[in-house]
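Student: Starting from these lines, generate the structure:
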Amino acid sequence: MPVLRLFVALYPPAEYARRLSACLNAITLPPHRPVAPDMIHLTLLFIGETDARQLDVVQESVGRAASGIGVIRLTPSRVASMPRRGPARLVACETDCPGNLAELHRRLAARLARTDKARRGEGYSPHLTLGRLDAPRSGIVIDEPAEVGAFDATEIRLVRSTLRPSGAVHAAVETFPLA
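Tutor: From the prediction side, this is the model:
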């Protein structure tokens, strides 16, 4: 049986993703690979390598976690280099963490996380990755306001990520409405 590399994410509307992508144009960056607007997402939980025979169980768990959450209104605040400590590897747009986002993350982690730290939700920092630096860079600090307004996330996706030399390719396995 094949092994699937899975994560759960929410994706901003297409026009909003294009606005987020344009945030990089106003910043001087070291060599980097911008994320295509259709690939910009907020990871709710990285599940990791999963035996394909377990896909039904994962899908059911994601569906149950999303049940009753409702539309999530996110307000991006800053374009920043990440991680905050150590060499920067990416540029992302940080967002707020409204209660229903925090609850969804908690539910997903309780059901699907594979480490105690992830199950406790430690280190969760909601952000939308906009670009990846070609190499980790020390001394790079990006911290700019993001004036792109808020957006509503009306669904989440269980996504399969396939790693290729040119970068990851994402394919939605299933979409779950937030109603």
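Student: By residue count, which helix of this structure is the longest?
Tutor: Of all segments of type helix in the chain, defined using DSSP state H, the longest is helix 99-112.
Student: any idea how far that one is from the chain center?
Tutor: 14 Å (CA atoms, centre = their mean, to the nearest Å).
Student: Can you give me the buried ones in it?
Tutor: Of all the residues in helix 99-112, those buried under the rule 16 or more other CB atoms under 10 Å are 100-101, 104-109, 111-112. Bear in mind the C-beta positions are built from the backbone N, C-alpha and C, glycine included.
Student: cool, stretch 47-54 as well?
Tutor: Buried-residue list, stretch 47-54, by 16+ other CB under 10 Å: 47-48, 50.
Student: Now residue 150. Nearest residue, chain neighbours left out?
Tutor: residue 75 (4.3 Å; CB to CB, 6 or more residues apart in numbering).
Student: May I have the phi/psi pair for that neighbour?
Tutor: Per-residue torsions, residue 75: phi -120, psi 100 (degrees, to the nearest 10).
Student: can you count the residues close to it?
Tutor: 12 (other CB atoms under 10 Å).
Student: Which pLDDT value goes with it?
Tutor: Looking at residue 75, its pLDDT reads 97.
Student: what's the answer for the one 10 residues further on, then?
Tutor: Looking at residue 85, its pLDDT is 87.
Student: Let's verify the closest residue to residue 87 other than its chain neighbours: helix, strand, or coil?
Tutor: Nearest-residue entry for residue 87: residue 136, 3.6 Å, with adjacent residues in sequence omitted and distances by CB to CB, 6+ apart. Look at residue 136: counting by DSSP: H, G, I helix; E, B strand; the rest coil, its state is strand.
Student: what residues are up against residue 136?
Tutor: Residues in contact with residue 136 (CB atoms under 8 Å, 6 or more residues apart in numbering) are 86-89.
Student: Now list the buried members of the residues you listed.
Tutor: 88-89.
Student: Secondary structure added to the contacts of residue 136, as JSON lines?
Tutor: Below are the contacts of residue 136 laid out as JSON lines (three-state DSSP):
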{"residue": "86", "secondary structure": "coil"}
{"residue": "87", "secondary structure": "coil"}
{"residue": "88", "secondary structure": "strand"}
{"residue": "89", "secondary structure": "strand"}
